[in-house]
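J.: Return atomic coordinates for the entry below.
(one chain, ligands or ions: 1)
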Amino acid sequence: MPASGYLFTRMAVCAMLLIAATAAAQQPTSLKQAYQGDFYVGAALNEAEITGQDQHSDAIVLQQFNSISPEDALKWAIINPEPGVFNFSLGDQYVAFGVQHHMWIVGHNLVWHNQVPAWVFRDENGKLLTRDALLARMKQHIFLEVERYRGKIQSWDVVNEALNEDGTLRQSLWYKIIGPDYIARAFEYAHEADPQAQLTYNDYNLANPAKLAGVIRLVKQLKAQGVPIDCVGMQDHDHLGSPTPEQEDTAIRSIAATGVKVAISELDINVLPWPGTGNTAEVSMHMAANPKLNPWPNGLPKDIQQKLMDQYAALFRVFYRDRADISRVTFWGVTNAQSWLNNWPIPGRTNYPLLFDRAGEPTPAYGAVLNVPGNAAK
Ligand code: 9MR
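T.: Purely as a prediction, here's the structure:
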């Protein structure tokens, strides 16, 4: 072969290798890789995943995610179910899992009206506590959890679901006994217990304009008082068709405009017939089982699969565009088999809200989400 021909062949081979390498580099193989440098991508872990009993889901977590949330393990009712009784075993295993795998570890949650034992609000005679006594108990609980995992849990959901749908404050026992400033105090205690931790206010349906106005009011008030709030968690327990990408975008931007980060903290999309109105995650809602409300026990029809995929892609296009404001996007569960939406608000349904199917295989929506950053770059 003449020297020029040899050179040409070598150059052509090099060019082909370069093209192949670039294509491979552009095709991410995991969610965490696809959004590397944009935001963390997380999943909520249940007990079997935390303890290692569910190895199959754990493998998906390690492959796909770089952040974890505890679905229930750190809630007050589990950590301290009765006065003087403490169960840290699951919480410790959860944190150890995150530390071992270098995850962004979320603590969920410190002050909530649900999964908090009744004794917390009462004295030994069953009488409701005074404001000062409840504040002291709240502080003790916050220190108990935050100090224990100081430097390991990077982000805490300090107050959870304190708002009504109209944007006013929920009349929880926290509110009734302490008053509206229980929120500010909770953030101050958490900051005192770990000054480095990112502190989050977490709530659902924040794309609802009235509730969005309420959360913005709340964050502005807290900031004006110098309260250490860093982030708002938009849970995003969504439904097919709701919220629209425009509503989601408006909510993210207007929350971020108050000077906090946004975490998409509990993402899933409910595809089943919805007996209520609005995107609530009000856990007190319960309804009787009814086969008409469980239409797809054996698989999701193609047209619904397509809608789910389109909605996930549209949401992630918004998240990607607003990535400077977003610290993480966390799915509320790993596979469809374990989602809380199989049992709420109606028990025993077959739902399809996440990106991994019941066998742990990626769904079409997974592929769409994976390709959002690459498509945006074209
Ligand atoms: O997924 C959680 C489920 O296992 C619990 O039974 C339920 C009880 O309240 O809480 C679920 O998680 C909730 C989260 O802690 C706060 N936002 C709404 C979530 C779904 O209900």
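J.: mind listing the helices in the stretch 1-150 of the chain by residue range?
T.: Chain-ordered helices for the stretch 1-150 of the chain, with DSSP state H, counting those that start in this stretch as the definition, fall at 3-26, 31-34, 47-51, 55-64, 76-79, 89-100, 131-148.
J.: got it, and the stretch 201-350 of the chain?
T.: 209-224, 245-256, 302-321.
J.: Output those helices as CSV; include the columns distance to the ligand and mean pLDDT.
T.: From N, CA and C alone the C-beta is placed, and that goes for glycine too. Formatted as CSV, the helices of the stretch 201-350 of the chain follow (distance: least, C-beta to the nearest ligand atom, whole Å; pLDDT from 0 to 100):
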stretch, distance to the ligand, mean pLDDT
helix 209-224, 14, 98
helix 245-256, 17, 98
helix 302-321, 18, 98
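J.: Compile those into CSV and extend it with columns for mean neighbour count.
T.: What follows is the helices of the stretch 201-350 of the chain, written out as CSV (neighbours: other C-beta atoms under 10 Å):
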stretch, mean neighbour count
helix 209-224, 17
helix 245-256, 18
helix 302-321, 18
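J.: what about these, which gets the closest to Asp181?
T.: Distance to Asp181, taken as C-beta to C-beta, is lowest for helix 209-224 among those, at 9.9 Å.
J.: got the CA positions of that closest one in PDB?
T.: Taking Å, rounded to 0.1, in the frame of the first residue of the first chain, the C-alpha atoms of helix 209-224 are listed here in PDB:
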ATOM      1  CA  PRO A 209     -51.600  28.300  42.400                       C
ATOM      2  CA  ALA A 210     -53.200  29.000  45.900                       C
ATOM      3  CA  LYS A 211     -50.800  26.600  47.600                       C
ATOM      4  CA  LEU A 212     -47.900  27.900  45.600                       C
ATOM      5  CA  ALA A 213     -48.700  31.500  46.800                       C
ATOM      6  CA  GLY A 214     -48.900  30.100  50.400                       C
ATOM      7  CA  VAL A 215     -45.400  28.500  50.200                       C
ATOM      8  CA  ILE A 216     -43.900  31.600  48.700                       C
ATOM      9  CA  ARG A 217     -45.500  33.700  51.500                       C
ATOM     10  CA  LEU A 218     -44.100  31.200  54.100                       C
ATOM     11  CA  VAL A 219     -40.500  31.200  52.700                       C
ATOM     12  CA  LYS A 220     -40.400  35.000  52.400                       C
ATOM     13  CA  GLN A 221     -41.600  35.400  56.000                       C
ATOM     14  CA  LEU A 222     -39.000  32.900  57.200                       C
ATOM     15  CA  LYS A 223     -36.200  34.500  55.300                       C
ATOM     16  CA  ALA A 224     -37.200  38.000  56.500                       C
END
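J.: got the contact list for it?
T.: Applying C-beta atoms under 8 Å, 6 or more residues apart in numbering, the external contacts of helix 209-224 come out as 162-168, 183-184, 187, 201, 203, 205-206, 229, 232, 250-251, 254-255, 258-260.
J.: what's the single longest strand in this protein?
T.: Secondary structure of the chain per DSSP state E: the longest strand is strand 261-270.
J.: strands paired with that one, and their directions?
T.: The strands that strand 261-270 pairs with in its sheet are strand 231-234 (parallel), strand 237-239 (parallel), strand 326-331 (parallel) (by DSSP bridges).
J.: Around the ligand, which positions in the chain sit nearby?
T.: By C-beta under 6 Å from any ligand atom, the residues of the chain that approach the ligand are 71-72, 114-115, 160, 235, 266, 281, 283, 340.
J.: that older thread, mean pLDDT lowest for which of the helices of the stretch 1-150 of the chain?
T.: Ranked by mean pLDDT, those bottom out at helix 3-26, with a mean of 50.
J.: Using CSV, write down the CA coordinates of the helix or strand harbouring Leu199.
T.: Taking DSSP states H and E as the criterion, Leu199 maps to strand 198-203. Provided in CSV are the C-alpha atoms of strand 198-203 (Å, rounded to 0.1, in the frame of the first residue of the first chain):
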residue,chain,number,x,y,z
GLN,A,198,-29.4,21.7,53.8
LEU,A,199,-32.8,22.4,55.5
THR,A,200,-36.0,21.9,53.5
TYR,A,201,-39.7,22.7,53.8
ASN,A,202,-41.5,19.8,52.0
ASP,A,203,-45.1,19.7,50.7
